[in-house]
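# sequence and computational prediction follow.
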Amino acid sequence: MILDLLRHGETEQGGLRGSLDDALTDQGWAQMRSAVAGAGPWQVLVSSPLQRCARFADELGAHLNLPVCRVPALQELHFGDWEGRSAAQIMQDQADALGQFWADPYAFTPPNGEPVHAFAARVLAAVEGLHQQHAGKRVLLVTHGGVMRLLLARARGLPRHQLLQVEVGHGALVRLLVSEGGLLVEEG
């Protein structure tokens with residue numbers, strides 16, 4: 001399966017968004033439209049159910065005459081008490097905790113947040129499900145930075161503590177090849 005990953009564009013609010021359901025800015029819409037211009041063609045369109053992904057997926061699906069399949073397991077990591085806060089705000093009262101999370105997100109979970117190992121398990125299971133359902137097809141997944149970082153880190157063979165070193169900008173579009181057993185290979 002060819003899996004193209006599209007990160008949502010800029011949102012109206014800043015900071016760690018996680019499960020918060022923010023809308024895109026005009027710039028965010030433009031970033032996503034620009035990313036898919038001339039890309040594809042896709043046979044399957046999948047999206048996180050959060051509006052910063054799903055609304056664009058709906059627009060694109062209408063344009064391409066493709067239904068949009070929303071997959072809750074492909075939502076962003078839930079950052080718990082840190083949701084809606086910027087790194088600078090978290091540094092003011094939880095600098096050590098933020099440092100631990102950045103150093104090894106698998107070993108430290110934000111207060112009341114989702115453990116990264118649980119996030120990884122749900123995302124990888126969802127991608128395996130997509131592969132079982134759509135093997136041999138070209139799929140576009142409209143999703144989040146954390147989902148893309150996880151999948152790209154796996155494809156690149158990075159150690160777990162380097163997860164947050166993977167850069168994924170707003171409106172980024174990258175391609176992975178997904179093989180049997182969940183093997184991921186990044187395509188340049």
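Perfect, I can see it now.
# which ones are touching the most centrally placed residue in the chain?
Centroid-nearest residue in the chain, with CA atoms, centre = their mean: residue 144, separated by 2.5 Å. Contacts for residue 144 (CB atoms under 8 Å, 6 or more residues apart in numbering) come out as 7-8, 48, 50, 53, 74-77. (Glycine included, C-beta is placed from N, CA and C.)
# the longest helix anywhere in the chain - contacts with which helices or strands?
Counting by DSSP state H, the longest helix found in the chain is helix 116-134. Under the contact definition 3 or more CB pairs under 8 Å, 6 or more residues apart in numbering; DSSP states H and E, helix 116-134 sits against strand 44-47, helix 145-156, strand 173-178.
# hmm, back to that, just give me the closest of the contacts of residue 144 to residue 99.
Taking CB to CB as the measure, residue 77 is the one of the contacts of residue 144 closest to residue 99, at 17.7 Å.
# that closest one falls within a helix, correct?
No - using DSSP: H, G, I helix; E, B strand; the rest coil, the assignment for residue 77 is coil, not a helix.
# my understanding was that it contacts residue 20; is that so?
No - here residue 77 does not reach residue 20: they are 11.8 Å apart, not a contact under CB atoms under 8 Å.
# more crowded one of those two?
Per other CB atoms under 10 Å, whichever of residue 77 and residue 20 has more neighbours is residue 77, with 28 against 16.
# if I pick the more buried one, what's in contact with it?
Taking CB under 8 Å, 6+ apart as the test, what residue 77 contacts is 18, 113-114, 116, 119, 144, 146.
# same list, the contacts of residue 144, but as a markdown table with distance to residue 179 and pLDDT please.
Listed next are the contacts of residue 144 as a markdown table, based on distance: CB to CB, whole Å; pLDDT from 0 to 100:
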| residue | distance to residue 179 | pLDDT |
| --- | --- | --- |
| 7 | 23 | 98 |
| 8 | 27 | 98 |
| 48 | 23 | 98 |
| 50 | 28 | 98 |
| 53 | 25 | 98 |
| 74 | 19 | 98 |
| 75 | 24 | 97 |
| 76 | 25 | 98 |
| 77 | 25 | 98 |
